[in-house]
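Asker: one predicted model, sequence on top.
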Amino acid sequence: MRRSLPLYVQIESVLKERVRTGLYPAGVLMPGEDRLRTEFGVSRATIRLALDALHRNGLISRYAGHGTVVNETHDQPQSLRLKGSINEVITLADGAPVDFVVTAHVMTEATAAEASELKLAEGRRVLRMAGLRRCGEERVAHMVACIPEALEGLLTPRDGEACPPIIALLRERLGVTVRQARLVIGAGVTDPVAAAALGVAVGMPLLTARRTYFAADGTPLEFAISSYPGNTYQFETIISGGV
């Protein structure tokens, strides 16, 4: 197994794949802790951490004196499917609307990455907001979004309150057309802040989406990094045309 991730995360990934492929069918008892400890050559504490992570994500149920039972699961992760529309970037793959719940916000000096994406001079400030992208009550992604200080007056973020996506608010309040969004897909693992927000284990794989939105005149409006649980979402795009 890879040494770049904690052992329990690697074991969790293996067990999750066994559930997904039906090696551990729904409704059937999983192997006990002793058997798993022997198979993976790790401590009982490490096995328990892996099982705790599976339990938090709803893949298994644990019954004292009975054992661990595999729950019904979806065969495929949900897709983040993009077809070229700004509206489709803002919503989920099935068109379901999402909102943004701000958990923290601060006016601060832009990082190098933020300044580069928003075309800001060194030392300029941004309004940085951290929170959750949410569809109904489902926590879809942890997001950190920032806008230039010059646009700060258009937003009045209140921690804990739900609002439409930031770019949707800017589009409405500026009265501008959002010409394009540059999207970069990557991978990572959850840090303690994202893990707490998403209700998953630290070190769990993430699908990250870095988006920069531009007005029709090319002015950057927002730069945001959304982190989606890797066990729930996959990236999908459609490529068309011929040679």
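Answerer: That came through fine.
Asker: quick one: least confident helix or strand in this protein?
Answerer: strand 78-82 (a mean of 52; mean pLDDT, DSSP states H and E).
Asker: mean confidence for the longest helix anywhere in the chain?
Answerer: When the chain is scanned for its longest helix (criterion: DSSP state H), the result is helix 7-21. Helix 7-21 shows a mean pLDDT of 85.
Asker: which ones are touching the residue nearest to Pro205 when sequence neighbours are not counted?
Answerer: Nearest residue to Pro205, sequence neighbours excluded (C-beta to C-beta, 6 or more residues apart in numbering): Gly230, at 3.4 Å. In this view, the C-beta of every residue, glycine as well, is placed from N, C-alpha and C. Each residue near Gly230 by C-beta atoms under 8 Å, 6 or more residues apart in numbering is listed here: 187, 204-207.
Asker: most neighbours among the residues you listed, please name it.
Answerer: Leu206 (25 neighbours; other C-beta atoms under 10 Å).
Asker: Ala187 versus that residue, what's the distance?
Answerer: 7 Å (C-beta to C-beta, to the nearest Å).
Asker: okay, domains of this protein per the record?
Answerer: 7-70, 78-237 (automatic domain parsing).
Asker: so which residues of the chain form strands?
Answerer: 60-63, 67-70, 78-82, 99-109, 125-135, 138-148, 162-163, 178-189, 205-215, 220-229, 233-237 (DSSP state E).
Asker: JSON lines please, covering these and showing distance to Thr156.
Answerer: Formatted as JSON lines, the strands of the chain follow (distance: least, C-beta to C-beta, whole Å):
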{"stretch": "strand 60-63", "distance to Thr156": "43"}
{"stretch": "strand 67-70", "distance to Thr156": "46"}
{"stretch": "strand 78-82", "distance to Thr156": "29"}
{"stretch": "strand 99-109", "distance to Thr156": "10"}
{"stretch": "strand 125-135", "distance to Thr156": "10"}
{"stretch": "strand 138-148", "distance to Thr156": "13"}
{"stretch": "strand 162-163", "distance to Thr156": "9"}
{"stretch": "strand 178-189", "distance to Thr156": "21"}
{"stretch": "strand 205-215", "distance to Thr156": "20"}
{"stretch": "strand 220-229", "distance to Thr156": "16"}
{"stretch": "strand 233-237", "distance to Thr156": "30"}
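Asker: worst mean pLDDT among the ones you listed?
Answerer: Looking at those, the weakest mean confidence is strand 78-82, a mean of 52.
Asker: give me the contacts around stretch 180-191.
Answerer: Residues contacting stretch 180-191 (C-beta under 8 Å, 6+ apart): 5, 9, 82, 86, 89, 167, 198, 200-214, 227, 229-230, 235.
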